[in-house]
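Asker: Below: sequence and its predicted model.
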Amino acid sequence: MQFLTPLFLLAAVSVAIPIILHLTRRETRNPIPFASLMFLRRLPVQEVRKRKLRNLFLLLLRCLALVLLVIAFAQPVLQSAWLDRVDPTQSRSIAIAIDSSLSMSQPGLWERAVDEAISRINQLSVPDEAVIVQFADTASVLSPWQSDFDALRQTVQSLEGPGFHATSYAEGIRAAVAQLEEASHDLKELVLITDLQASGLDLSERFQIPPGIQIEVVDVGSDDASNLYIDEVRLSREVFGDQYPHSVVVRVSSSPPAAQSGEISLFLESELVDRQSFHLDDSGSATVNFPPFEVPEGKVRGRLVVDANDSVSSDDSYYFVLERLSPDPIYFWSRQTASETVYFESALSAGRNLPFTMRPISNQDVLTSDSRSVLVIDDSPSPPRLSALQSHLEKGGGVLIAVGNSTSAETYGALDSIMPATLSEKKFARSQGQPFVSITDAAWEHPIFSIFQESQKSSLTSVQFYGYWSLDPKPQSHVLARFSTGEPALVEASVGQGRVLLFASSMDRVWSDFPLKSSYLPFWQQAVHYASARQGRPPALRVSQVLSLSDWAPNEPGRTRSWDVLDPTGRRVLALDEERPDYLQLERAGYYEIRSNKDTDWVAVNSDPLESNLSRIKQEELLAAITRTQVRSEGGTHDTLESNASGRSLWWLVLLLAAVIFLVESIVANRTRTRRTAPA
Amino acid sequence: MSVNNRSPLTNRFIDPAVLSGIGNLQLIAKAVVEGFVTGLHRSPFHGFSLDFAEYREYSPGDDIRRVDWKVFGRTDRFYVKKFEGDTNTQVYILLDTSGSMSFSSHSVTKLDYARYLVSALAYLAVRQSDAVSLITFDQKIQEYTPPRTRHGHFMTILNHLERVSTGKQTDITNTLRDLSRLIRKRSLVVLISDFYEDPEELTRALRFFHHQGNDVVLFHVLDPMELGLPLEGVSTLEDVETGEQLPFSSEQSREAYLDQLKGHIAHIRRECLNVHIDYEVLNTEKPLDRALYRYFTSRMRKV
């Protein structure tokens, strides 16, 4: 039962008033004169007690009437689902939603879930109907509404069992509710069978059960489960040398948090590369570092494995793929002397595992263009021919142009079709009455500038520019940075399949002190990286992610798009079919093998580490999150909830009852009232 | 003579409330007596006693049925029998004036009712040339008017009645003991009270009077509230004599009280019956003359 104005229930304290009056009241009425008490003195004591009992009955009547009055004002609403339930002959439509997420692979949980589902089906009788919904982070309706209970049992028993997906209660409940809205009968029930994993409840998803649906949450989880899992891995897929250049950083966690020790191993293919020990503290996590190791040529499948004997074994491994690549060429077109280009060359040569290598050129015929090469033109009075640049850009290559003292506006005017901006004039800070200008405004979220954290921005804005070219950006260009004068400092444009970046000053120390700033190296590395349009691939993806096959494993240009995809079990999941869309939903943890007509690649897939955290929520938390009202019934692990059904208002009935009680009370009170007679 | 409740005479019985409106005891007495005596063919006190007292010579006008023919046969003289009733009777009226007699649930208190009764009995006796005495008492005799037959004695009785006011608690046995020293010859003793006394002690004292040859009549005066206790719910009752208060619940207590009262009345009646004492219960709401009429007709049937 609900109350539309529950605050009125506070008035129930008024019931205390007649009780207080009853207890404190004394017989204050005037005594009646009587001739003699000779006979009355002889009366037994129990007469008085009987008088009290009679008054108590009156008191109870008055209290009951007051309580009913308060309830009537609180406007009680009786949900029809309750009334419907009283009628055992009422036909029911039941949606049974079974959690098949990764956490349900704990020992015994899935079997318990199946048993509970079968049990619910066994309670049905024709013309009841049911539907089976299996859910994890998505939901599937496994059978239509039907009253063939044998078929439903068969459906449940033939379920595949928990997979590698995470939990989303919203997905499961939405699917079940959608089915219930099409159900035949008025009495609708949702049975949610789950282990009540906390990560399955996303409070940002505002989902409410619509009225008229009863919900039963069946908890098949265990409070005793423990799990050791790989929570996070910092790893890069692409290696541009024979050794992985950095440490592989791994965070191992336990659920529930507990101090413990163990070992974790690093495999490349089936070969053990390294083994490290770890010690989890009381917070239940520890960081493990694997030092650099040799990487064979080509693509190699790797695996991190935790030695664990826990509730969930499928999250004890972290799958990844390493790919040893040759660095992409950066063609450096400059007329500068070696001493003048040293800054830029040094910046692009700094660090390990750099995805590119510098190649100074002066002959554009040497230019080998592909989608990963970048041509850098630094203050050249004679840049490459426009046709060469266009061809380079058409092939996906990038162009990075820095203009300085040697640059001629007329010369670069011939390259106008690929230039993001037109060169107007050289400008010098002194001629503007300033010692220098600086970059004061930038698109900080742009990939070139995004590496500059808040505290590091000053290293860029403190660069002093003594001279720069005034640029007139074209309409299709984007200004990525501006000087303190408001004039563009960096402009980009997409040309053909590639990108062109135009920097308004030179890369040397002639027009600025940029090479002396700490921001010089990261700025130019990021600028070259961005110009190359290189999109590095991650070492691993997550279960449920959707993979674009044409992006991941493009076919040869001009050839038919087709892929042969095998899942981690070796099962072919995507046949050579040109008409099918080129996306692939990743369902299992392990390695997916993708064969295009160009190459064979692997995609490593891991389950979401959130799913490895076995923390549980209470039933009432889940119910509170998905419904407005809550009613609990007794009974172990089952909670039955009545959603805010369209109920029947009972205020008039309660008010009528209160009126009847008042009437009865007044009749009884009149009979017990003392009749007074005036003495003569 | 038969008593017929549907006799037209009953219409003449006067409501005690009406009597209280009269105010004058002499008139009240006359009204009451006239009310019931009319229905009687002879004086209720006449032939009161069947005890043979003596012979006297026949005088013209004597009732010839009184002639003792056996004596004539022996003596050739006409003698008539003279009964006790033919002589002047001394009537002692004892009126309880204790506090409880002041109680009333309507316009006439028990004491008022008793006063009307006393005045009526006194009027009746004086009419028959009987000597009437009035003794008012509570714990002891408060006032004593000796029996006289002279003219104007009735007014003396009435004046005594007018001065009466309720006193303290009752002690009938003590009063009767005192009275026994006052009575020299066989008399009619009329005791008017509400009899809140132990019945055993009461009848023990009354037996003494009876054994002395006195004729004793008890008039038990009760208010209708005492007779029915028509209270409802919870209340507190206060004793008009002692001021004592007692909580009272109507439902169960009323039945028990009535049982107690009935038992008390039955006990007194039984004890009176054993010693041939007349006993009548009077309801102060009922007409007094009717009550007397009923009593006296019943008495004359016994004669």
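Answerer: On my side now, so go ahead.
Asker: tell me the phi and psi of A:Tyr229?
Answerer: Per-residue torsions, A:Tyr229: phi -150, psi 160 (degrees, to the nearest 10).
Asker: Does it touch A:Val306 like I think?
Answerer: Yes. Using CB atoms under 8 Å, A:Tyr229 is in contact with A:Val306, at 7.1 Å. Every C-beta, even on glycine, is put in place using the N, C-alpha and C of the backbone.
Asker: State the mean pLDDT of the helix or strand that contains A:Val70.
Answerer: Using DSSP states H and E, A:Val70 sits within helix A:46-73. The average pLDDT within helix A:46-73 is 74.
Asker: The lengthiest helix in chain B - contacts with which helices or strands?
Answerer: Scanning chain B for the helix with the most residues, using DSSP state H, yields helix B:250-274. With contacts taken as 3 or more CB pairs under 8 Å, 6 or more residues apart in numbering or on different chains; DSSP states H and E, helix B:250-274 sits against helix A:46-73, helix B:199-211, strand B:215-222, helix B:224-228, strand B:278-283.
Asker: In that helix, which residues are buried?
Answerer: Buried positions in helix B:250-274, judged by neighbour count with 16 or more other CB atoms under 10 Å in any protein chain shown: B:250, B:252-254, B:257, B:260-261, B:264-265, B:268-269, B:271-272.
Asker: swap in stretch A:305-322?
Answerer: Neighbour-count burial for stretch A:305-322 flags A:305-306, A:308, A:310-312, A:314-322 (criterion: 16+ other CB under 10 Å).
Asker: on that earlier part again, mind listing the shared neighbours of A:Tyr229 and A:Val306?
Answerer: Common neighbours of A:Tyr229 and A:Val306, using CB atoms under 8 Å, 6 or more residues apart in numbering or on different chains, are A:Val252, A:Asp316.
Asker: before we move on, the earlier item: specify the stretch among the helices and strands packed on helix B:250-274 that is closest to A:Val654.
Answerer: A:Val654 lies closest to helix A:46-73 among these, at 4.1 Å (CB to CB).
Asker: if we can go back for a sec, which of the buried residues of stretch A:305-322 fall in strands?
Answerer: Residues of these located in strands (DSSP state E): A:Val305, A:Val306, A:Ser317, A:Tyr318, A:Tyr319, A:Phe320, A:Val321, A:Leu322.
Asker: Just the pLDDT for the fifth one.
Answerer: Per-residue pLDDT puts A:Tyr319 at 96.
Asker: Okay, and the beta partners of it?
Answerer: Residues in a beta bridge with A:Tyr319, per DSSP bridges, are A:Arg303.
Asker: which residues does it contact?
Answerer: A:Arg301, A:Gly302, A:Arg303, A:Ala540, A:Ala589, A:Gly590, A:Tyr591, A:Ala604, A:Val605, A:Asn606.
Asker: how near is it to A:Ser255?
Answerer: Distance, A:Tyr319 to A:Ser255, by CB to CB, to the nearest Å: 20 Å.
Asker: Give me the nearest residue to the residue nearest the centre of chain A, chain neighbours excluded.
Answerer: Closest to where the C-alpha atoms of chain A average out (CA atoms, centre = their mean) is A:Asp202, at 7.6 Å. Computed as CB to CB, 6 or more residues apart in numbering or on different chains, the closest residue to A:Asp202 that is not its neighbour in sequence is A:Ala170, at 6.3 Å.
Asker: so how far is the helix or strand where that neighbour lies from its chain's centroid?
Answerer: Assessed by DSSP H and E, A:Ala170 sits inside helix A:169-180. Relative to its chain's centre, helix A:169-180 lies at 18 Å (CA atoms, centre = their mean, to the nearest Å).
Asker: Between the two ends of stretch A:102-117, what distance do you get?
Answerer: End-to-end distance for stretch A:102-117, by CA to CA, to the nearest Å: 19 Å.
Asker: Starting from B:Phe208, give me the distance back to the closest residue to A:Asp282 other than its chain neighbours.
Answerer: Spatial nearest neighbour of A:Asp282, excluding adjacent residues (CB to CB, 6+ apart): A:Ala259 at 5.2 Å. Here the distance between A:Ala259 and B:Phe208 works out to 111 Å (CB to CB).
Asker: Looking at the two, which one has more neighbours?
Answerer: Neighbour count, other CB atoms under 10 Å in any protein chain shown: between A:Ala259 and B:Phe208, B:Phe208 has more, with 16 against 12.
Asker: In three-state terms, label B:Val71 for me.
Answerer: Taking DSSP: H, G, I helix; E, B strand; the rest coil as the rule, one finds B:Val71 in the helix state.
Asker: Who does the residue lying closest to it once chain neighbours are set aside form a beta bridge with?
Answerer: Distances taken as CB to CB, 6+ apart put B:Tyr79 closest to B:Val71, at 4.8 Å, once the chain neighbours are dropped. In this entry, B:Tyr79 is beta-bridged to B:Glu57, by DSSP bridges.
Asker: B:Tyr79 reaches B:Gly73, doesn't it?
Answerer: No. Counting by CB under 8 Å, B:Tyr79 stays clear of B:Gly73, with 11.2 Å between them.
Asker: quick revisit: among the ones in strands among the buried residues of stretch A:305-322, which one sits closest to B:Arg127?
Answerer: A:Val306 (134.2 Å).
Asker: per-residue confidence at the closest one?
Answerer: We have a pLDDT of 94 for A:Val306.
Asker: if I look at it, how far off is A:Arg588?
Answerer: Distance, A:Val306 to A:Arg588, by CB to CB: 19 Å.
Asker: Listing request: residues of the stretch 51-200 of chain B with sub-threshold pLDDT.
Answerer: Under the criterion pLDDT under 70, the flagged ranges of the stretch 51-200 of chain B are B:51-56, B:61-63, B:66, B:80-88.
Asker: what about stretch A:462-480, start to end distance?
Answerer: End-to-end distance (CA to CA), stretch A:462-480: 17 Å.
Asker: List the buried residues of it.
Answerer: Buried, per 16+ other CB under 10 Å, within stretch A:462-480: A:463-471, A:473, A:477, A:479-480.
Asker: Can you show me the CA trace of stretch A:171-180 as CSV?
Answerer: Extracted C-alpha coordinates of stretch A:171-180, given in CSV (Å, rounded to 0.1, in the frame of the first residue of the first chain):
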residue,chain,number,x,y,z
GLU,A,171,20.2,-3.5,-20.0
GLY,A,172,18.6,-6.6,-18.6
ILE,A,173,15.7,-4.8,-16.9
ARG,A,174,15.0,-2.7,-20.0
ALA,A,175,14.8,-5.7,-22.2
ALA,A,176,12.6,-7.6,-19.8
VAL,A,177,10.3,-4.5,-19.3
ALA,A,178,10.0,-4.1,-23.0
GLN,A,179,8.8,-7.7,-23.2
LEU,A,180,6.4,-7.2,-20.4
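Asker: what about stretch A:480-491, distance to the chain center?
Answerer: On CA atoms, centre = their mean, the centre of stretch A:480-491 falls 38 Å from that of its chain.
Asker: Show me what counts as buried in stretch B:164-184.
Answerer: Going by 16+ other CB under 10 Å, stretch B:164-184 has these buried residues: B:Val164, B:Thr166, B:Gly167, B:Thr170, B:Asp171, B:Ile172, B:Thr173, B:Asn174, B:Thr175, B:Leu176, B:Leu179, B:Ile183.
Asker: Kindly report the same for stretch A:500-515.
Answerer: For stretch A:500-515, by 16+ other CB under 10 Å, it's A:500-508, A:511-512, A:514-515.
Asker: follow-up on the earlier one: of all the buried residues of stretch A:305-322, which comes closest to A:Gly241?
Answerer: A:Leu322 (11.7 Å).
Asker: quick one: the closest one and A:Pro245 touch, right?
Answerer: No. If you go by CB under 8 Å, A:Leu322 and A:Pro245 don't touch, sitting 11.5 Å apart.
Asker: neighbours of B:Leu246, just the number please.
Answerer: Neighbours around B:Leu246, by other CB under 10 Å: 16.
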